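Asks: for reference, the sequence and a predicted model appear below.
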Amino acid sequence: MTESIDRDVRHYIYRTFAETTFPPTTSQVAEQFGVSIASIENAFERLANAQHIALAPGSYSIWMAHPFSGVPTNYVAAIGSKKYHGN
């Protein structure tokens, strides 16, 4: 079950980045999957430990999901009207 939810959460993170140019919050992901925020925090930790995402220090905010950056950087890719920050 853990592997399945982690895969689904990771896919949702990337899809949200692609659609909105921003990473989802733990509450957005929890609402999407109908689970507790604590469950999503655990999934985020496992994904970070596996180096699939990077979390901002001391938080559950997604700092990076390669190649997307959750914070502004000097590396910007424009696709249509969307601007993505990269690392």
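Replies: On my side now, so go ahead. Numbers count the residues shown, from 1 in each chain.
Asks: any idea which residue sits dead centre in this structure?
Replies: In the chain, the C-alpha nearest the mean C-alpha coordinate belongs to residue 13, at 3.9 Å (C-alpha atoms, centre = their mean).
Asks: the nearest residue to that one once chain neighbours are set aside bridge partners, please.
Replies: Excluding its sequence neighbours, the residue lying closest to residue 13 (C-beta to C-beta, 6 or more residues apart in numbering) is residue 65, at 5.3 Å. Where you see a C-beta, it was placed from the backbone N, CA and C, and this is true even at glycine. For residue 65, the beta-bridge partners are residue 68 (DSSP bridges).
Asks: could I get the full set of strands for this protein?
Replies: For the chain, the strands defined by DSSP state E occupy 54-55, 62-65, 68-69, 75-79, 82-86.
Asks: so how far is residue 74 from the residue nearest to the centre of the chain?
Replies: 23 Å (C-beta to C-beta, to the nearest Å).
Asks: and residue 59, by the same measure?
Replies: On the measure of C-beta to C-beta, residue 59 and residue 74 end up 23 Å apart.
Asks: what of residue 86?
Replies: Counting by C-beta to C-beta - residue 86 and residue 74 are separated by 9 Å.
Asks: ok, now residue 17?
Replies: 18 Å.
Asks: more neighbours: which of the two?
Replies: residue 17 (21 against 6; other C-beta atoms under 10 Å).
Asks: isn't the more buried one right up against residue 66?
Replies: No. Using C-beta atoms under 8 Å, residue 17 is not in contact with residue 66, being 10.4 Å away.
Asks: relative to the whole chain's centre, how far out is stretch 2-16?
Replies: In terms of C-alpha atoms, centre = their mean, to the nearest Å, the centre of stretch 2-16 is found 9 Å from the chain centre.
Asks: mind listing what's buried along that stretch?
Replies: Neighbour counts using 16 or more other C-beta atoms under 10 Å place 5-6, 9-10, 12-14, 16 of stretch 2-16 among the buried residues.
Asks: what of stretch 29-40?
Replies: Counting neighbours by 16+ other C-beta under 10 Å, stretch 29-40 gives 29-30, 39-40 as buried.
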